[in-house]
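[1] Predicted model and sequence below, questions to follow.
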Amino acid sequence: MIDKNLIGYSFEPVQLAVEAGRLKFVAKALGLTDPVYIDAEKARAEGYSDLLAPPTFPFMLESDAFELDRLCDFFGQNVKHLLHAEQKFTYHQPICAGDQITFAKTILEIFEKKNGQLEFVVSDNTLTNQHDILCVESQTTYVFRNA
Amino acid sequence: MPKAADWNIGDELPVMKTEPLTRHALALYCGASGDHNPIHVDYDYAKEAGLDDVIAHGMLSMGYLGKMLTNWIPQKQIRSYKARFTAITHIGETVCCSGRIAKKWEEDGRWLVKIELFADTPKAQSIIGEAEVFLD
């Protein structure tokens, strides 16, 4: 059973650099061919400061900031029982190569289904850039299968 | 560029279907995404965890679905994007990404549409999602 006293807990925010090489690697992995994701000059011509991070990139920063093994340990759970149940993003400002993002995470909910066979952990996240501008809010729901 | 005047409730976005997922695709996504859970790339580990084989990252399919969306409109027009992971995607399966307009409204002088999104493998619906998108 995950300790419900953790509801409302905020992790120490993590600082992350958004690197151009990483974004190109992500574009390759997702098969993105739009120049805003792979050509800095064309991204700038579209009004971005540099290569644009794609819509699901905030979750990649979350993976960098909060490694799964450590996160599972924190909840007293085994990563083998982990599934990603739901993911939400609300976009305010683009994230681009060269940005320095502060990733903050707070636990919003912990609840069970099926008599405790499934335990859900919902967290709210904010990604703020080096200009103190809120770029993205996200919500991540993990489920641990205890059956 | 899609215009608000041309898109209405029930209209379907251009479908995008991937190639069958390879182990190589999952390895690339593991490295690029920072999600290093071995269940996606290590066959022996997946077996130990009680699976028949490695399974795709849910976020890989959400990434493909996002690509379908940004093929249709520039990313800056996306206000929100969410996904519920409803089934596992296996090696060798294609991911078919689709969407249709569910709602259309005006807010502060700009048009918005709500798009229902779906990722489907040949056997199951792996994502049910939603996006809110500005249209000019």
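    Right, received. Where do you want to start? Numbers count the residues shown, from 1 in each chain, chains lettered A, B, ... in the order given.
[2] Skipping its backbone neighbours, what lies nearest the residue nearest the centre of chain A in space?
    Taking CA atoms, centre = their mean as the criterion, A:F59 is the residue nearest the geometric centre of chain A, at 2.6 Å. Once flanking residues are discounted, A:F59 sits nearest to B:M59: 5.6 Å by CB to CB, 6 or more residues apart in numbering or on different chains. Heads up, the C-betas are built off the backbone N, CA and C, glycines and all.
[3] Past the host helix or strand of the one you found, which element shows up next along the chain?
    If you go by DSSP states H and E, B:M59 is part of helix B:58-72. Toward the C-terminus, helix B:58-72 is succeeded by strand B:78-85 as the next helix or strand (DSSP H and E).
[4] near chain B, which residues of chain A?
    Proximity of chain A to chain B, by CB under 8 Å from any CB of the partner chain, involves residues A:22, A:25-26, A:28-32, A:34, A:36, A:46, A:52, A:54-56, A:59-61, A:63-64, A:67-68, A:79-80, A:82-91, A:94, A:139.
[5] Which ones among these map onto strands?
    Using DSSP state E, the members of the residues of chain A next to chain B that fall within strands are A:L82, A:L83, A:H84, A:A85, A:E86, A:Q87, A:K88, A:F89, A:T90, A:Y91, A:Q139.
[6] Can you tell me which of those are classed as buried?
    For these, a burial check counting by 16 or more other CB atoms under 10 Å in any protein chain shown picks out A:L82, A:H84, A:A85, A:E86, A:Q87, A:K88, A:F89, A:T90, A:Y91, A:Q139.
[7] Show the contacting residues for the second one.
    Under the criterion of CB atoms under 8 Å, 6 or more residues apart in numbering or on different chains, the neighbours of A:H84 are A:T140, A:T141, A:Y142, A:V143, B:H57, B:G58, B:M59, B:F85.
[8] could you redo the last one with a cut-off of 6 Å?
    By CB atoms under 6 Å, 6 or more residues apart in numbering or on different chains, the contact set of A:H84 is B:G58, B:F85.
[9] just the fifth one next, same as before
    The contact partners of A:Q87, taken as CB under 6 Å, 6+ apart, are A:T140, B:A83.
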